[in-house]
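*Asks:* mind looking at a prediction? Sequence and model below.
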Amino acid sequence: MPVLPPSRPRTPLLDRVLVPSDMRNLSAEQLRQLADELRAETVEVVSTTGGHLGASLGVVELTVALHAIFDTPNDRLIWDVGHQAYPHKILTGRRDRMRTLRQGGGLSGFTRRAESEYDPFGAAHSSTSISAGLGMAVARDLLGAQGGGGVPLPGGGAAPDRSSQAVIAVIGDGAMSAGMAYEAMNNAGAMRSRLIVVLNDNDMSIARPVGAMSAYLSRLIS
């Protein structure tokens, strides 16, 4: 007998969310339901296309929370590596193209600036998110110090005032063990620019992580 494709999950709330601003009037209970629907949609997509399922499932609630709280894309949300960005892509206007993921001419398996204004940084390698976020935060502060908010643009109009813009870098415990992440934190602490770093410690990297940092984080949590 022919193998029938799995039926699509019911996603009544997710069907109403075309961009993150559609989430911002939802109640906490509705956001929990949205996360459940987003997880089911992510599983269904990856069962069709293949890809990094575990990394994406580990950030479903976090993705919903960040987009519900922050004013993306004005606020800059940077995902380290990009493996965990599938739920982010679904919530940012690309749900109808998710089944082209990692296909020729389809969506990238990582964040990609040319793909969406919600992807401020394209990353296919780990441990770069804090450096990228710090660069954006410093640029924001410099523009603010020079009166850059609302500056006139060539041809008329004005650039948006980004003086209150938040910059958020999401990095996993595996990526935190690389030298670039420490260099970025060292610079961020010295420059004192307003930057939010979210450590998503799920005790996993490409494989189970090893080393002193992983052991320290495990002790810290327990």
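*Replies:* Okay, I see it.

*Asks:* what about the most centrally placed residue in the chain, distance to S222?
*Replies:* For the chain, the residue nearest the mean C-alpha position is W79 (4.0 Å; CA atoms, centre = their mean). Taking CB to CB, to the nearest Å as the measure, W79 and S222 are separated by 27 Å. Glycine gets a C-beta too; all of them are placed from N, C-alpha and C.

*Asks:* list the contacts for the residue lying closest to the residue nearest to the centre of the chain once chain neighbours are set aside?
*Replies:* In space, not counting the residues next to it along the chain, W79 is nearest to A85; the distance is 4.7 Å by CB to CB, 6 or more residues apart in numbering. Counting by CB atoms under 8 Å, 6 or more residues apart in numbering, A85 touches S56, W79, F110, T111, D119.

*Asks:* okay, now the first one: neighbour count?
*Replies:* Spelled out, that is S56. Summarising burial for S56: neighbours were counted as other CB atoms under 10 Å, giving 24.

*Asks:* surely it forms part of a helix?
*Replies:* Yes. Under DSSP: H, G, I helix; E, B strand; the rest coil, S56 falls within a helix.

*Asks:* centre of the chain to the host helix or strand of S214, how far?
*Replies:* S214 belongs to helix 212-221 when assigned by DSSP states H and E. Remark: helix 212-221 is offset 24 Å from the chain centroid, using CA atoms, centre = their mean, to the nearest Å.

*Asks:* and what of stretch 83-99?
*Replies:* Average the C-alpha atoms of stretch 83-99, do the same for its chain, and the two points are 10 Å apart (CA atoms, centre = their mean).

*Asks:* buried stuff in it?
*Replies:* Residues of stretch 83-99 classed as buried by neighbour count (16 or more other CB atoms under 10 Å): 83-95, 98.
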